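Student: starting from these lines, generate the structure:
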Amino acid sequence: MSIHYISTDFLSLEKVREIIIEEKELRLSQESKMLITASREYLVDRLKRNQDPVYGINTGFGSLCDVKISSSHLAELQENLVKSHACGTGEPVERSIVKLMLLLKIQSLSYGHSGVRLETVERLINMYNAHMLPVVYEQGSLGASGDLAPLAHLSLPLIGEGEVYFGGSRKNTNEALEEMGWSRLTLREKEGLALLNGTQFMSAHGIHSLLQAHKLCFLADVVSAVSLDAFYCNLSPFDPLVHEIRPHSGQIKTAERIRNLLNGSLIATKEKVNVQDPYSFRCIPQVHGATRDTLAFAEKVIITEINSVTDNPLIFPEEDKIISGGNFHGQPLALVLDYLGIALAELGNISERRTYQLISGTRGLPAFLVKDPGLNSGFMITQYAAASIVSQNKQYATPASVDSIVSSNGQEDHVSMGANAATKLLKITTNLYNILAIELFNASQALHFREPEKTSPGLQAFVEKFRELVPVLEKDEIMYKHIHTACNFLMGLELEALEKINEVKIKNQHHEL
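Tutor: A predicted model of the protein is given here:
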């Protein structure tokens, strides 16, 4: 089993992806152990020599921050916090995202500014390695003061409460602890607050969505390239000269990718009678490229966040300071999660327009891409389905970050709503797979009517593998099964495989070209 050592080394998106894909176990580096231990020892010593109120350590929380708590109740204070803040509602969060939450919480605590005990961090690591994943719910966080409700659910198993996914089923935590031979922990000073204050719910959703977004951007290029040939489009809009004089990096990269994907296509090089193509084809570099640039910006912010300490108050042993601040506020994440959601929704928006054009009965294609239109409705309603999903994505793309509701009796009077931005983004990414699947379903059918003319070798291999699962239709069939299969096909493709299309090698979870 390969191991990833938690340390102060920069945690990149590629490193996170590697940890996930290779299912690496976590360990604390000696550096992290020293930082955690030094922070804890400083906190204990500070409380012994100074009884002044320190927020959340010997005081109440939120608007109760002025209520002093006696030293005999400090452990009870922390456990009460975790229990009372576990107010999650809605659907359970995907297990893969919960596992990311654990990883990111461990990373944040490891920097030695949170004052938690080493055994508390090691229990989180043991849970991660044993695939004991807390049941966390989608709704309940305001994205400020940390992701309090979801992180409370993440922390409940430490004290023997809540539920976990373990051993292939969902069960009470105590049952899982007994199976592992573990005892519940008793939280000490500051620990409950350190566990709950943080942006790991938003960050985990952000990391998950970034990984999906990189793949979706590539898929959008590949699927649109099939559509370009299927609709008999010109290659001139992808000429490097066009993009060198408007040098947005995403635009340049997209145009280059489309040229590479269509390299060797007999259809693409054929002289066309149509002078210009609709914007949804001609402006692929400009639209897809803008999304790609948005993704780069979002990645910069989210990666900065997961390499940060978002706890409160923060402990600085060397400076002999405990400082109450606002690093838990999710505004940086809220804005970029909204921005990324808008950008991905636009990939779906332009994809649906290409689908609309493909079924329009122009460019030598039959109406609705079927023989005997009229007797057969063909692909008519696939466009309806895509339009419906696109419309829903527009609704999901309405920014959450422009909203704020006062909470905690006015103490927390501005919140980011970044958690809502995070869960909406997840829905947008799922929807986008379906939209692109519908476009590919239509483009594959349209390309059939161009035979014996061929697209590029790489795209031809891609389409042929797709057709093994989703055949060319000769007459009306029940369509939802084909759409679902098309979506699963796209979801099953690996990013590395997409990058090798020009080598005519596409690796699927179940198939290999």
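Student: now stretch 386-405, how far from the centre of its chain.
Tutor: 16 Å (C-alpha atoms, centre = their mean, to the nearest Å).
Student: equivalent analysis for stretch 41-50, please.
Tutor: 40 Å.
Student: next: stretch 300-312.
Tutor: Put simply, stretch 300-312 sits 15 Å off its chain's centre (C-alpha atoms, centre = their mean).
Student: any low-confidence regions in this structure?
Tutor: 1, 56, 61-65, 502-513 (pLDDT under 70).
Student: and stretch 395-408, what's buried?
Tutor: 396, 397, 399, 400, 401, 404, 407 (16 or more other C-beta atoms under 10 Å). Quick note: C-beta positions are derived from backbone N, CA and C, even for glycine.
Student: actually stretch 421-429, not the one I typed
Tutor: In stretch 421-429, counting by 16+ other C-beta under 10 Å, buried: 421, 422, 423, 424, 425, 426, 428, 429.
Student: and if you look at stretch 125-136?
Tutor: Buried, per 16+ other C-beta under 10 Å, within stretch 125-136: 125, 127, 128, 129, 130, 132, 133, 134, 135, 136.
Student: circling back: tell me the one of the buried residues of stretch 395-408 nearest residue 357?
Tutor: Nearest to residue 357 among these, counting by C-beta to C-beta, is residue 397 at 22.9 Å.
Student: can you tell me the helix or strand for the nearest residue to that closest one once chain neighbours are set aside?
Tutor: Sequence neighbours aside, residue 345 is the residue nearest to residue 397 in space, at 4.3 Å (criterion: C-beta to C-beta, 6 or more residues apart in numbering). Counting by DSSP states H and E, the element that carries residue 345 is helix 331-358.
Student: for that helix, packing partners?
Tutor: helix 200-230, helix 279-282, helix 284-306, helix 380-396, helix 418-448 (3 or more C-beta pairs under 8 Å, 6 or more residues apart in numbering; DSSP states H and E).
Student: before we move on, back to that, quick check, the residue nearest to residue 397 in contact with residue 394.
Tutor: Yes - here residue 345 reaches residue 394: they are 6.2 Å apart, a contact under C-beta atoms under 8 Å.
Student: those two: which has the busier surroundings?
Tutor: The neighbour count for residue 345 versus residue 394, taken as other C-beta atoms under 10 Å, is higher for residue 345 (24 against 15).
Student: gap between the more buried one and residue 389?
Tutor: For residue 345, the distance to residue 389 (C-beta to C-beta, to the nearest Å) stands at 10 Å.
Student: then residue 39?
Tutor: From residue 39 over to residue 389 (counting by C-beta to C-beta), the distance is 48 Å.
Student: of the two, which one has the most company?
Tutor: Counted by other C-beta under 10 Å, residue 39 and residue 389 do not tie: residue 39 has more neighbours, with 26 against 21.
Student: list just the nearest of the buried residues of stretch 421-429 to residue 264.
Tutor: residue 429 (31.6 Å).
Student: distance-wise, check the residue lying closest to that closest one once chain neighbours are set aside relative to residue 205.
Tutor: If the residues on either side of it in the chain are set aside, residue 429 comes closest to residue 212, at 4.6 Å by C-beta to C-beta, 6+ apart. Using C-beta to C-beta, we find residue 212 at a distance of 11 Å from residue 205.
Student: who's more crowded, the two?
Tutor: residue 205 (30 against 21).
Student: which non-adjacent residue is nearest the more buried one?
Tutor: Among residues not flanking residue 205 along the chain, residue 422 sits closest, at 3.5 Å (C-beta to C-beta, 6+ apart).
Student: for that neighbour, give its distance to residue 124.
Tutor: The spacing between residue 422 and residue 124, counted by C-beta to C-beta, is 21 Å.
Student: ditto for residue 380
Tutor: From residue 380 to residue 124 the distance is 53 Å (C-beta to C-beta).
Student: now residue 424
Tutor: 28 Å.
Student: quick one: residue 484 is in a strand?
Tutor: No - assignment of residue 484 by DSSP: H, G, I helix; E, B strand; the rest coil gives helix, placing it outside any strand.
Student: what about it, how many neighbours?
Tutor: As a burial measure, residue 484 scores 13 neighbours (other C-beta under 10 Å).
Student: and this protein, what are its domain boundaries?
Tutor: 3-198, 206-503 (automatic domain parsing).
Student: span of the first one from start to end?
Tutor: In this case it means domain 3-198. 25 Å (C-alpha to C-alpha, to the nearest Å).
Student: to the chain's geometric centre, what's the distance from that domain?
Tutor: 21 Å.
Student: cool, the last one as well?
Tutor: In terms of C-alpha atoms, centre = their mean, the gap separating the centre of domain 206-503 from the centre of its chain is 14 Å.
Student: higher neighbour count, residue 380 and residue 124?
Tutor: residue 124 (21 against 16).
Student: the strand or helix carrying that one: what's the following helix or strand?
Tutor: Secondary structure assigned from DSSP H and E places residue 124 in helix 118-129. Downstream of helix 118-129, the first helix or strand assigned by DSSP H and E is strand 133-134.
Student: contacts for that following strand, please.
Tutor: If you take C-beta atoms under 8 Å, 6 or more residues apart in numbering as the criterion, strand 133-134 is touched by 95, 98-99, 102, 127, 153-157, 162-166, 173.
Student: burial of residue 231, as a residue count?
Tutor: By other C-beta under 10 Å, the residues close to residue 231 number 25.
Student: against residue 8, how distant is it?
Tutor: With C-beta to C-beta as the criterion, residue 231 and residue 8 are 52 Å apart.
Student: I'd like the buried residues of stretch 395-408 laid out as CSV, including distance to residue 79 and secondary structure.
Tutor: Output for these, formatted as CSV (distance: C-beta to C-beta, whole Å; DSSP: H, G, I helix; E, B strand; the rest coil):
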residue, distance to residue 79, secondary structure
396, 37, helix
397, 40, coil
399, 37, coil
400, 31, coil
401, 33, coil
404, 30, coil
407, 22, strand
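Student: okay, among these, which ones form the most distant pair?
Tutor: 397 and 407 (25.2 Å).
Student: against which helices or strands is the helix holding residue 124 packed?
Tutor: Using 3+ C-beta pairs under 8 Å, 6+ apart: helix 118-129 touches strand 25-28, helix 30-49, helix 95-109.
Student: which of the ones you listed sits closest to residue 59?
Tutor: The nearest among these, by C-beta to C-beta, is helix 30-49 at 12.3 Å.
Student: buried residues, that closest one. List them.
Tutor: 32, 33, 35, 36, 39, 40, 42, 43, 46, 47.
Student: so the residue nearest to the last one when sequence neighbours are not counted: helix, strand or coil?
Tutor: What sits nearest to residue 47 in space, not counting adjacent residues and going by C-beta to C-beta, 6+ apart, is residue 189, at 6.3 Å. In three-state terms, and counting by three-state DSSP, residue 189 is coil.
Student: show me the contacts for residue 189.
Tutor: 43, 44, 47, 57, 58, 74, 75, 78, 115.
Student: name the nearest residue to residue 192, sequence neighbours excluded.
Tutor: residue 78 (3.3 Å).
Student: just want the most central residue of this protein.
Tutor: In the chain, the residue lying closest to the centroid (C-alpha atoms, centre = their mean) is residue 209, at 1.6 Å.
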